[in-house]
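Asks: sequence first, predicted coordinates after that:
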Amino acid sequence: MPRSSLLHHFEYFEVATVRHYKNVSQSKMATYHVLECSEHSLTRWIERYDRTTAIQRQNKRPISYKITKEQADYIVGYLRNNHTGSTKELHAAVKEEFPDFEV
């Protein structure tokens, strides 16, 4: 399987690619052809390496983007008080409490 078909490159491959570009090739085109990676990825890796002198992923903190904390707290409270309620009832109650609620 050629490397260009991989969805994810390992950090050591990214670092080796940047070092090859900086020390051996000096040409982005030659580097991404030889090592079979995309030009866009190589450019991004070089910029990140120049900025931080390393290539490490910056994992983002997971956050809820569909409902707010206030809505989640309301739902938890509703479920604690109404053990036998249906999802339709829950949706109606949340919609009544938060008119802009869309899920």
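Replies: Structure received.
Asks: only alpha carbons, please: show stretch 19-35 as CSV.
Replies: This file holds the C-alpha atoms of stretch 19-35, laid out as CSV (Å, rounded to 0.1, in the frame of the first residue of the first chain):
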residue,chain,number,x,y,z
ARG,A,19,14.5,16.4,8.1
HIS,A,20,14.9,14.9,4.6
TYR,A,21,13.5,18.1,3.1
LYS,A,22,15.8,20.4,5.2
ASN,A,23,19.0,18.3,5.0
VAL,A,24,18.9,16.4,1.8
SER,A,25,16.4,17.6,-0.8
GLN,A,26,15.7,21.3,-0.2
SER,A,27,12.9,20.8,-2.7
LYS,A,28,9.3,20.2,-1.5
MET,A,29,8.4,18.6,-4.8
ALA,A,30,11.2,16.1,-4.7
THR,A,31,10.6,15.3,-1.1
TYR,A,32,6.9,14.6,-1.4
HIS,A,33,7.4,12.6,-4.6
VAL,A,34,10.2,10.4,-3.1
LEU,A,35,8.4,9.9,0.2
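Asks: and A93, what does it touch?
Replies: Counting by C-beta atoms under 8 Å, 6 or more residues apart in numbering, A93 touches Y78, G85. Backbone N, C-alpha and C define where each C-beta goes, glycine included.
Asks: got it, and A54?
Replies: A54 sits next to V15 when contact means C-beta under 8 Å, 6+ apart.
Asks: and if you look at K28?
Replies: Y21, E39, L42, T43, I46.
Asks: let me see the domain layout of the chain.
Replies: Here the domain parsing of the chain from automatic domain parsing is 3-52, 61-103.
Asks: and those, which is most packed in?
Replies: Mean neighbour count, computed with mean count of other C-beta atoms under 10 Å, is highest for domain 3-52 among the domains of the chain, reaching a mean of 14.
Asks: return the distance of it from the chain's centre.
Replies: Offset of domain 3-52 from its chain centre (C-alpha atoms, centre = their mean, to the nearest Å): 20 Å.
Asks: many thanks, I have nothing further to ask.
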